[in-house]
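Q: fold the following for me, if possible:
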Amino acid sequence: MRSFKAGQYINQGYYKSFQPELINRQWFLEDMELLQLLSQADRQLGRLDMYSEHIPDIDLFISMHVLKEATQSSKIEGTQTNMEEALLDKEDISQEKRDDWEEVQNYILAMQKAIEMLEGIPFSSRLIKETHKILLQGVRGEHKLPGQFRTSQNWIGGATLKDAVFIPPVHNSIGTLMGDLEKFTHNEELFFPDLLKIGLIHYQFETIHPFLDGNGRVGRLLITLYLVNKEILKKPILYLSDFFERNKTLYYDNLMRVRTHNDIKQWLKFFLVGIIETAKNGVQTFNDILKLKQKAELNIQTLGSRANNAQKVLNYLLKRPLIDVNKVVEITGVSQKTGYNLIDDLEELQILTEITGGKRGRVYVFKEYLNLFN
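A: Here you go, the predicted model:
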């Protein structure tokens, strides 16, 4: 990787665009620190995957992982919706926050649909476009060619091309560059470790910046899709946006350093550290979930004849830890009065906490559970 060349700046008249080199070629690893990090990342990811196999009803918890990823990935782009707000219904969100809320909801839907589509569509430009289309549907970027590669020049940072921080390649080279990225993804003749491969794919995708809007969110979403597609993870349980958001300056600086200094090793090291840290945190979170679930179920057993309905509510809360009396009635089939009594029981057991402070339209949260993801 010592001879790596990221690309070159090409004069386009009054600005210079960056033209990346193709990546579907032979790669050689010679950095021991990188290999050591790769070994750690593989080990931690394997541990997370194995751990997830032994968790009953893991799909209940995946929706919370996706919710966290959606809020953190969108936060990197300036969207200001937290997890509690993301759980609310649209009509409960104030008008000035609805655009941000809808972008987060689109991200959740895009991730869910993309995982489903992987069963029938390979990891490809087609899948990426379909995912992008969902991401931008009905939100601020809806006029920026959802589901289509751009047909004009875009840029990163600055108000115009003249003061841009980075200008991606011209639009008429996107087909070639994305085709090369797709070939690299599926090229099994040239060996390159999968975790380094997706790290390189993420860098290249962000450098190509093939869409007019939503490139960052799609690029981060692709990491999880790749790991699931390659069966490195059996379930979509690893998301790097929280790591990237907490290290936002380093994230952007390391991507940019590849283009300015041909330093792909520094980016890949940063990427692998993100996988190691996130996988470790994932195992800890699952461990904490199981302990909390066990504690809540033991407490529920003290409710006697009401325990069965309380367990139904708990199962719902593990998927979506925000609830009101109408949802309790829907889940359990009891009367509204009994529903309120059930909520009172769960408040007394410190499973539910009321967060609205009103006498009507009260909303309750499973705060201890939600805190595991914050």
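
Q: check contacts around Tyr203.
A: For Tyr203, the contact set (Cβ atoms under 8 Å, 6 or more residues apart in numbering) comprises 255, 258, 264, 267. For every residue, glycine as well, the C-beta is placed using N, CA and C.

Q: restricted to helices, list these.
A: Using DSSP state H, 255, 258, 264, 267 are the members of these that sit in helices.

Q: just the buried ones from those, in ChimeraX syntax?
A: Here the buried members of the ones in helices among the contacts of Tyr203 are turned into a ChimeraX selection, burial being counted by 16 or more other Cβ atoms under 10 Å:
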select :255,258,264,267
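
Q: which of the ones in helices among the contacts of Tyr203 lies closest to Phe28?
A: Comparing the ones in helices among the contacts of Tyr203 against Phe28 with Cβ to Cβ places Ile264 closest, at 12.0 Å.

Q: any chance of a markdown table for the contacts of Tyr203, columns distance to Ala307 and pLDDT?
A: As requested, those are exported to a markdown table (distance: Cβ to Cβ, whole Å; pLDDT from 0 to 100):
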| residue | distance to Ala307 | pLDDT |
| --- | --- | --- |
| Leu255 | 52 | 97 |
| Val258 | 56 | 97 |
| Ile264 | 57 | 96 |
| Trp267 | 52 | 98 |
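
Q: ok, Pro122 - how many residues close by?
A: Under the neighbour criterion other Cβ atoms under 10 Å, Pro122 is assigned a count of 12.

Q: likewise the one 10 residues further on?
A: The local packing of His132 (other Cβ under 10 Å) involves 27 other residues.

Q: and for Asn315?
A: Other residues near Asn315 come to 14 when the count uses other Cβ under 10 Å.

Q: so the residue positioned nearest the centre of the chain versus Ile62, what's the distance?
A: Most central residue of the chain, judged by C-alpha distance to the mean C-alpha position with Cα atoms, centre = their mean, is Glu69 at 3.6 Å. In this structure, Glu69 lies at 10 Å from Ile62, with Cβ to Cβ, to the nearest Å as the measure.

Q: give me the mean pLDDT for the helix or strand encompassing Thr185.
A: Assigning secondary structure by DSSP states H and E places Thr185 in helix 174-186. The average pLDDT within helix 174-186 is 97.

Q: what packs against that helix?
A: Applying 3 or more Cβ pairs under 8 Å, 6 or more residues apart in numbering; DSSP states H and E, one finds that helix 174-186 contacts helix 125-136, helix 194-208.

Q: tell me which helix or strand comes right after the last one.
A: For helix 194-208, the following helix or strand on the C-terminal side (DSSP H and E) is helix 215-229.

Q: show me the contact partners of that following helix.
A: Under the criterion Cβ under 8 Å, 6+ apart, residues 45, 69, 73-74, 76-77, 107, 110-111, 114-115, 118, 122-123, 127-128, 131-132, 135, 185, 194, 197-198, 201-202, 205-206, 209, 211, 233-236, 238-241, 244 lie in contact with helix 215-229.

Q: angle of that helix against helix 174-186?
A: 30 degrees (axes from the mean of the first three to the mean of the last three Cα atoms, to 10 degrees).

Q: quick one: mean pLDDT over helix 215-229.
A: Throughout helix 215-229, pLDDT has a mean value of 94.

Q: strands of this structure, residue ranges please.
A: With DSSP state E as the criterion, the chain has strands at 7-11, 16-20, 322-323, 353-354, 364-365.

Q: reformat those strands as CSV; add distance to Gly158 and mean neighbour count.
A: Conversion of the strands of the chain to CSV gives the following (distance: least, Cβ to Cβ, whole Å; neighbours: other Cβ atoms under 10 Å):
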stretch, distance to Gly158, mean neighbour count
strand 7-11, 16, 13
strand 16-20, 13, 19
strand 322-323, 39, 22
strand 353-354, 45, 14
strand 364-365, 41, 22
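
Q: could those be laid out in CSV, adding mean pLDDT?
A: Supplementary listing: the strands of the chain in CSV, determined by pLDDT from 0 to 100:
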stretch, mean pLDDT
strand 7-11, 96
strand 16-20, 97
strand 322-323, 94
strand 353-354, 93
strand 364-365, 94
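
Q: how about a markdown table for those strands, with distance to Gln148 added?
A: Formatted as a markdown table, the strands of the chain follow (distance: least, Cβ to Cβ, whole Å):
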| stretch | distance to Gln148 |
| --- | --- |
| strand 7-11 | 24 |
| strand 16-20 | 20 |
| strand 322-323 | 36 |
| strand 353-354 | 45 |
| strand 364-365 | 39 |
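
Q: does Glu354 really touch Val363, like I thought?
A: Yes: in terms of Cβ atoms under 8 Å, Glu354 counts as a neighbour of Val363; the distance is 7.3 Å.

Q: filter the contacts of helix 215-229 to the buried ones?
A: Applying 16+ other Cβ under 10 Å to the contacts of helix 215-229 flags 45, 69, 73-74, 76, 107, 110-111, 114-115, 118, 123, 127-128, 131-132, 135, 185, 197-198, 201-202, 205-206, 209, 211, 233, 235-236, 238-241, 244 as buried.
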